[in-house]
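Visitor: quick one: sequence and predicted model below, then my questions.
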Amino acid sequence: MQLMKPLWRRISSQLVVSFRSQSRASSTISDPGSSTRTLVSNAEGDWPPRVLITGGLGQLGSNLAKELRKRYGVNNVVLSDIMKPTQKILANGPYAYADVLDVKHLHSLVVNYNIDWVVHFSALLSAIGEKDVTRALKVNIEGYHNIVEVCKSHNLRLFCPSTIGAFGPSSPRNPTPDVTIQRPRTIYGVSKVHVELLGEYYYYKYGVDFRSLRFPGVLSAGAPGGGTTDYAVHIFHDVIRTGEYKCFLREDTRLPMIYLPDCTKATIMALEAHPSVFHPEMRTYNIQGISFTPAELVEEMRKYFPNMKVTYEPDERQAIADTWPEVLDDTNARADWNWSHDYDLPKMVKEIVEKLSKST
């Protein structure tokens, strides 16, 4: 019996075919930056690609899906997660349940949705992972094993981010180069070193088109997650709501950060870049946005909240932060595929304040 296509795909099949036919006429499109870039198409030679995003209901996945749908068409980007989506998420484009621990189901998603590229965001972050190491091992390592095997089986391009947490206390901290000693002290960091090395192995051994970026702390106006750098998100929400914030890091703790639009831009640039632009010995690149301390962030925020009150009470997350880079050296990303960030600290703070002020 013939497998029935998903409802959204049957309804829009003519639109998708038309969009693909028009898009294949050119192999050069604008990248998220200011330049244009020659792109490589998917394994079948079609453009645009069909993309599956795992762990898609977090801030990274939802924002990336929004931007990719503008570029490739709404129905060519499938958002997935293990949680029930809101009606707004469902209205924005195709959504599928995807448990990264169920490899057979992952295979079926790739086949049924005709996927070309996978963006793998499913992971437990640093602070959460330390509280549940067993679950972090399953999601971050076993889940990644399943994803990379699926990509190998179906000849898919794979983007999976790494993190500043992949470095450790013996790594140089300012600046931290792309290639250096990595001995992280968190299960999140250990799992991301595993992602980097296994991805490279599958690239050299099996030809899997693996790409990765080491993300700094990713900041936005959205709800904070479970990361050590999320103090820089919590502070906006608490100060707007109460005028006060208790910071769980020391005021002089410098960490690399990136604003969400810049993070999305970097992801798209790395995802779309022609294989020839990558360094022959490098599948994982640092990307740097801005580096600042809690005290420097507070100073900038006082332009908008002059009476805000901040106290510092470091907790167990301080020990994690003390092992991480202060500044990432992203010279190679800027040289190889023209990466550049758009937001400095004043511009980011201004935009977050404006967004949160409108929503309150």
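Guide: Structure's in. What do you need?
Visitor: report pLDDT for Ala127.
Guide: The predicted structure scores Ala127 at 84 on the pLDDT scale.
Visitor: which one is it nearest to, not counting chain neighbours?
Guide: For Ala127, the nearest residue in space outside its immediate sequence neighbours is Gly226; the separation is 5.0 Å by C-beta to C-beta, 6 or more residues apart in numbering. Just so you know, the C-beta spots here come from the backbone N, C-alpha and C atoms, and that holds for glycine as well.
Visitor: what's the burial count for the one you found?
Guide: Residues within reach of Gly226, counting by other C-beta atoms under 10 Å, total 14.
Visitor: got the contact list for it?
Guide: Contacts for Gly226 (C-beta atoms under 8 Å, 6 or more residues apart in numbering) come out as 124-128.
Visitor: would you mind finding the longest strand in this structure?
Guide: strand 209-215 (DSSP state E).
Visitor: which elements pack onto it?
Guide: Using 3 or more C-beta pairs under 8 Å, 6 or more residues apart in numbering; DSSP states H and E, the elements in contact with strand 209-215 are strand 157-159, strand 162-163, helix 187-206, helix 260-272, strand 284-286.
Visitor: Pro49: which of those is closest?
Guide: Distances from Pro49 to each of the helices and strands packed on strand 209-215 were compared using C-beta to C-beta; the shortest belongs to strand 157-159, at 7.6 Å.
Visitor: so where is the chain shaky, pLDDT-wise?
Guide: Across the chain, the ranges flagged by pLDDT under 70 are 1-45, 360.
Visitor: quick one: contacts of stretch 307-314?
Guide: With contact meaning C-beta under 8 Å, 6+ apart, stretch 307-314 is reached by 235, 239, 243-251, 294, 298, 301-302.
Visitor: can you redo the helices and strands packed on strand 209-215 as a markdown table with distance to Glu326 and mean neighbour count?
Guide: A markdown table is the format used below for the helices and strands packed on strand 209-215 (distance: least, C-beta to C-beta, whole Å; neighbours: other C-beta atoms under 10 Å):
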| stretch | distance to Glu326 | mean neighbour count |
| --- | --- | --- |
| strand 157-159 | 26 | 23 |
| strand 162-163 | 15 | 26 |
| helix 187-206 | 16 | 19 |
| helix 260-272 | 18 | 22 |
| strand 284-286 | 13 | 25 |
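Visitor: quick one: closest of these to Lys84.
Guide: Comparing the helices and strands packed on strand 209-215 by their distance to Lys84 (C-beta to C-beta), the top pick is helix 260-272, with 23.7 Å.
Visitor: ok, and what's touching that closest one?
Guide: Defining contact as C-beta under 8 Å, 6+ apart, one finds that helix 260-272 is touched by 29, 31-33, 37, 39, 59-60, 63-64, 67-68, 71, 117, 119, 157, 159, 161, 211-213, 215, 218-220, 222, 258, 285, 287, 289, 333, 337-339, 341-343.
Visitor: mind doing that once more with 7 Å?
Guide: With contact meaning C-beta atoms under 7 Å, 6 or more residues apart in numbering, helix 260-272 is reached by 31-33, 37, 39, 59-60, 63-64, 67, 117, 159, 211, 213, 215, 218-220, 287, 289, 337, 339, 341-343.
Visitor: can you check stretch 197-206 too?
Guide: 148, 152, 158, 160, 208, 210, 212, 283.
Visitor: for that stretch, what is the distance to the chain centroid?
Guide: A distance of 20 Å separates the C-alpha centroid of stretch 197-206 from that of its chain, computed with C-alpha atoms, centre = their mean, to the nearest Å.
Visitor: same thing with stretch 203-218?
Guide: 12 Å.
Visitor: which SSE is immediately downstream of the longest strand of the chain?
Guide: Beyond strand 209-215 on the C-terminal side, the first helix or strand identified by DSSP states H and E is strand 217-219.
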